[in-house]
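S.K.: Output the structure for:
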Amino acid sequence: MLVDAPVGNPSDFRTVIEHRSDVRLDGVDAFDGFLVVSYRSEALPKMALWPLTADGYGTREELTFDSELTAAGMGGNPNWSTPKLRIGATSFITPARIYDLDLATGERTLLREQPVLGGYRPEDYVERRDWAVASDGARIPLSIIHRAGLQFPAPALIYGYGAYESCEDPRFSIARLSLLDRGMVFVIAHVRGGGELGRPWYEHGKLLEKTNTFTDFIASARHLVDTGVTRPQNLVALGGSAGGLLMGAVANMARNCSPEFWPRCRSSMR
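M.R.: The predicted structure follows:
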């Protein structure tokens, strides 16, 4: 939630953004005449412009993008009275971009895009959001990308981290293109322990509830098989650092609850 209060009497505050269990407020940047609200919703970082009026606050307007899985955030904006807002955006299929947003017209000017050699075309790939269901009923977001026209079931690589409230957002990767072009599906399982769905998502994936991280990952893999994305024998699991702990846990747990999974599992520790 977000409140405002007079400088001379901070106890006299009022709520201007109510708490929502499905949204995490990440921050508010103040400028002359408007606010920029940064938040997470549906496991993605988003932004909204909030004009300031003579009567208080106007209507918040979410910044939207063409790509379904866009991760957007603020750039460097040191000028209090700026007429333009510097923002950044990327997705599985969108190379990292930097824009100037004209606050008067809403027009976006592309300043820079991550160069990609080899005639890359975003329309050659498909990205989408899916949801697996954990053993306790929790919905686990999955970020998925594959080559357009791919025949299923296909070989798949599922990646997980799930620690320290870190958010593994779907970002563009040049190195990943080779994998996709050879017919593989790439999936991020946003398991508990991460921060993609807010503080409770993290709290329910650590200490005495750390096993949720592991069982979420197994449930995510099972979902990919049950929905026809891949087969157990064509599924590879990947995780590094804290994700390496995840790999070790699921490799051992799967022997009992899902013995058909993960004949191939890569753990990277530093």
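S.K.: rest of the way, CA atoms for contacts and neighbours
M.R.: Will do.
S.K.: Nearest to the spatial middle of this structure, which residue is it?
M.R.: residue 169 (3.1 Å; C-alpha atoms, centre = their mean).
S.K.: Quick check: that residue touching residue 89?
M.R.: No. Checked against C-alpha atoms under 8 Å, the pair residue 169 and residue 89 is beyond contact range at 11.3 Å.
S.K.: what's the spacing between the helix or strand hosting residue 212 and its chain's center?
M.R.: Applying DSSP states H and E as the criterion places residue 212 in helix 211-226. Centroid separation for helix 211-226 versus its chain: 18 Å, with C-alpha atoms, centre = their mean, to the nearest Å.
S.K.: And residue 159, how close does it get to residue 206?
M.R.: Taking C-alpha to C-alpha, to the nearest Å as the measure, residue 159 falls 19 Å from residue 206.
S.K.: Between those two, which is the more surrounded one?
M.R.: Between residue 159 and residue 206, counting by other C-alpha atoms under 10 Å, residue 159 is the more crowded of the two (25 against 19).
S.K.: which secondary structure element contains that one?
M.R.: Per DSSP H and E: residue 159 is located in strand 156-160.
S.K.: Which other helices and strands does that strand contact?
M.R.: strand 185-189, strand 235-240 (3 or more C-alpha pairs under 8 Å, 6 or more residues apart in numbering; DSSP states H and E).
S.K.: Mind telling me which of the ones you listed the model trusts least?
M.R.: Mean pLDDT across those is lowest at strand 235-240; the value there is a mean of 93.
S.K.: sorry, back to before: tell me the secondary structure at the residue nearest to the centre of the chain.
M.R.: Residue 169 carries the three-state label coil when classified by DSSP: H, G, I helix; E, B strand; the rest coil.
S.K.: Quick check: it vs residue 150, distance?
M.R.: 23 Å.
S.K.: follow-up on the earlier one: select, out of the helices and strands packed on strand 156-160, the one closest to residue 142.
M.R.: strand 185-189 (4.8 Å; C-alpha to C-alpha).
S.K.: Show me the helices in the chain, by range?
M.R.: 174-181, 199-203, 211-226, 242-257 (DSSP state H).
S.K.: follow-up on the earlier one: common neighbours of residue 169 and residue 89, please.
M.R.: By C-alpha atoms under 8 Å, 6 or more residues apart in numbering, residue 169 and residue 89 have these common neighbours: residue 71.
S.K.: Where does the record place the domain boundaries for this structure?
M.R.: The chain resolves into domains spanning 2-113, 122-268 when parsed by automatic domain parsing.
S.K.: pLDDT below threshold where in the protein?
M.R.: Low-confidence segments of the chain, defined by pLDDT under 70: 255-270.
S.K.: circling back: residues touching the residue nearest to the centre of the chain, list them.
M.R.: 44, 71, 196.
S.K.: The last one - how many residues pack around it?
M.R.: Burial measure for residue 196: 28 neighbouring residues, criterion other C-alpha under 10 Å.
S.K.: Quick one: neighbours of the nearest residue to it once chain neighbours are set aside, just the number.
M.R.: Excluding the flanking residues, the one nearest residue 196 by C-alpha to C-alpha, 6 or more residues apart in numbering is residue 43, at 4.6 Å. Residues contacting residue 43 under the criterion other C-alpha under 10 Å number 26.
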